[in-house]
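[1] please find the sequence and the predicted model below.
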Amino acid sequence: MVLERMRGLVNRLFAASFILIILAWMVRQVQFAVEQGWVPPVHPSLVALVMYGTFMIGYSILVVGLLTELRRPTLSFALHRNWRWLACGAFLLGIFVLINTVQAIEMHDRPEFLKQWVLDSVCMESSSFSLLFGILFMTRSTPQRSPGYRLMLLGAALFVLINPFPAYITSALGFYLGGPEEYKHFWTETVPTLWFWWDFLSELVILVGALWLLRRGKKA
């Protein structure tokens, strides 16, 4: 009984931590969209409603999955023994460390360094998603046994398929549809950058892992 309560507490702390991290980044993205003038001059809450109810709905589904886990813990944090899942998890954790090390070096002399580093680096989706799924891919958790995990995987897969991948494809073909200025010159200014590769590779691993787990699950 005590052990079960401890497991439930660990799961809830895990879910609550990532809810806060991802919500912080969702708010930051709305602020950034408003600051850059990418949206009409309306209230930020309306911007958030449109963003996270349409083309960025993957975030909303992922947060619902975390809330589901918070309400009814079903994840297993026992380490999986399959080397492929361990390798995927270790790769994503390595991406998380790389992103935040590089960003810390670049931001270290800015005012309010720690606050900016946490909000714009640790909470950034490439970083937070790599940490979240880097941990979960290495465990025995499966979407077939965990409704919350199933929603997290679905949300992450939708995010990758709707947001970054179409931008990569259109920019590579010479059609700039918005986003970072570097996308205007994809082959000369985007592909050579480190940030493109940690974004692209982490998103690819998460997408393939999510689709595999949703379709075939994972042997315990």
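    Received the coordinates, thanks.

[2] now do the same contact list for S171.
    Listed by CB atoms under 8 Å, 6 or more residues apart in numbering, the contact set of S171 reads L177, G179, Y183, K184, F186, T190. For the C-beta atoms, the positions are set from N, CA and C on the backbone; glycine is no exception.

[3] looking at this, it is in a strand?
    No - under DSSP: H, G, I helix; E, B strand; the rest coil, S171 falls outside any strand and is assigned helix.

[4] I'd like the contacts of S171 written out as JSON lines, with secondary structure, pLDDT and neighbour count added.
    Compiled in JSON lines, the contacts of S171 are given as follows (DSSP: H, G, I helix; E, B strand; the rest coil; pLDDT from 0 to 100; neighbours: other CB atoms under 10 Å):
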{"residue": "L177", "secondary structure": "coil", "pLDDT": "72", "neighbour count": "9"}
{"residue": "G179", "secondary structure": "coil", "pLDDT": "65", "neighbour count": "16"}
{"residue": "Y183", "secondary structure": "helix", "pLDDT": "78", "neighbour count": "19"}
{"residue": "K184", "secondary structure": "helix", "pLDDT": "82", "neighbour count": "14"}
{"residue": "F186", "secondary structure": "helix", "pLDDT": "88", "neighbour count": "20"}
{"residue": "T190", "secondary structure": "helix", "pLDDT": "89", "neighbour count": "23"}
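
[5] looking at these, spot the one nearest T142.
    Proximity of the contacts of S171 to T142, judged by CB to CB, is greatest for G179, which lies at 34.3 Å.

[6] now, among the contacts of S171, which is nearest to R84?
    Comparing every one of the contacts of S171 with R84 (CB to CB), the shortest separation belongs to T190, at 29.6 Å.

[7] wait, isn't the closest one in contact with E182?
    Yes - between T190 and E182 there is a contact at 4.6 Å, judged by CB atoms under 8 Å.

[8] overlap of the contact sets of these two?
    Both T190 and E182 are in contact with F196, where contact means CB under 8 Å, 6+ apart.
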